[in-house]
Structure formats: C-alpha cells, structure tokens
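S.K.: how does the following fold in three dimensions:
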Amino acid sequence: MSTTGTAKHNTTRQMLRTVVLAALALGLAGCAQDMSDLERYVAEVKARKPGDIEPYPEPKPYKRFTYVAGDRRDPFDTSALKGPEEPVSRTGASDVSPDPNRPPEFLESFPLESLKMVGTIEKGGTIYALIQTPDSTVEYVTVGNHMGQNYGRIDRITETETELTEIVPDGFGGWKKRKQKIALSE
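M.R.: Below is the predicted model:
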C-alpha cells in the first residue's frame, strides 16, 4: 500500500471514530431527563397516612358431628358406584377369564367411558346399537360383539341403552364379571 492509501485509510478511520463518539454522546444526553416530577410524586405518596387494614373475621367455632349409620349405608363404601358384580374368587383360581385366543374387535381399543351410544337401528329382525368413538366415527354393534378395554361383551340392546358384561381383575390374581351400561346420549 502506498503512503497516500494509508493516509486515506487513517482519515476514514478517524472520521468513523468521530461519528461513533458523537452518536454515543447524543444517546447519553437523551438519558439525562428531568425527573423532578417523578421525585415529587414519590415524596407525596410516601407522605400520605397509611390506610387502616380491616381485621380478619372471627373464626366460627367448630361444631362436631357424629355420624350414626343406623340402617344407612357407609358413606365411604364405593361399591354403590359400581354395577352389580359376580361373586369374587378369593383363591385366584376362577372359571372367569378373558379368552386370549379371541381376536380383539375394533371398539375394544377404546376405554368404555369414551364411547357413546348415539342410536339404534333394526335390520332383518336384529337390533344394532350405534356407538360413536372419540374420533366421531360411528360403528354399529349387536349382542355378542365386544367393546371397551375390559373385554366387555354386549348382552342386551334396547332403544335407550346397551348392556354389557366386562371381565376385570379381582385384585387377587383372578378375574370377575362386572355389568356395565352405556346410555343413549342426547
């Protein structure tokens, strides 16, 4: 590089440095605003008398309640929430068990709670229940078909509900039958 090229380069660098320093000075000048109005407001708020705080309400005295069952059911018994069941085998060896060789049907891939009965149809003397899946497809089933994830077999179909028997674990290594219903959705 020649001496004139180097001098020109130094002059350009010096101008660039001057422009950057001027921009920085202008930017900092904008930060130094008059804040006297803000300081006056803060002083005014600090000078105010603090407000009164309402006292907490008096707690009500605890009234003890003694539950006398008499002929009423135990309020913690959950068996009232389940359908009628077959007697439970306590030995773990019962004649109730799912058929491992039966191929599963389409509606057995869905939990029973996620299926809805949306109607019935009769064809050739056979009544079919119209069952809607969670993805809004409608399948038709009849007595003997299976649905739900607990090996539910359809026992009866009426215009208002589909009754089925599920095979569920009994908690003792065996199986038990449980009646379930799917009511017609509105």
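S.K.: what's around residue 43, how many residues?
M.R.: Residues near residue 43, counting by other CB atoms under 10 Å, number 9. Quick note: C-beta positions are derived from backbone N, CA and C, even for glycine.
S.K.: do residue 175 as well
M.R.: Quick note: residue 175 (other CB under 10 Å) scores 22 neighbours.
S.K.: is it in contact with residue 167, as I believe?
M.R.: Yes: if you go by CB atoms under 8 Å, residue 175 and residue 167 touch, sitting 5.3 Å apart.
S.K.: between these two, which contacts overlap?
M.R.: 96-98 (CB atoms under 8 Å, 6 or more residues apart in numbering).
S.K.: can you select the buried ones among these for me in ChimeraX?
M.R.: Selecting the buried subset of the shared contacts of residue 175 and residue 167 in ChimeraX, with 16 or more other CB atoms under 10 Å as the burial test, is done by:
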select :96
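S.K.: strands - which of the shared contacts of residue 175 and residue 167 land there?
M.R.: Secondary structure of the shared contacts of residue 175 and residue 167 is defined by DSSP state E; no position falls in strands.
S.K.: including distance to residue 18 and pLDDT, could the shared contacts of residue 175 and residue 167 go into CSV?
M.R.: Formatted as CSV, the entries for those read as follows, by distance: CB to CB, whole Å; pLDDT from 0 to 100:
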residue, distance to residue 18, pLDDT
96, 94, 87
97, 92, 90
98, 88, 92
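S.K.: tell me the one among the shared contacts of residue 175 and residue 167 nearest to residue 137.
M.R.: For these, the residue nearest residue 137 by CB to CB is residue 98; the value is 25.2 Å.
S.K.: how about the contacts made by that closest one?
M.R.: Residues in contact with residue 98, defined by CB under 8 Å, 6+ apart, are 151, 167, 175.
S.K.: measure it to residue 109 for me?
M.R.: When CB to CB, to the nearest Å is applied, the distance between residue 98 and residue 109 equals 15 Å.
S.K.: hey, where'd the helices end up in the chain?
M.R.: Ranges of helices in the chain, per DSSP state H, are 3-31, 36-47.
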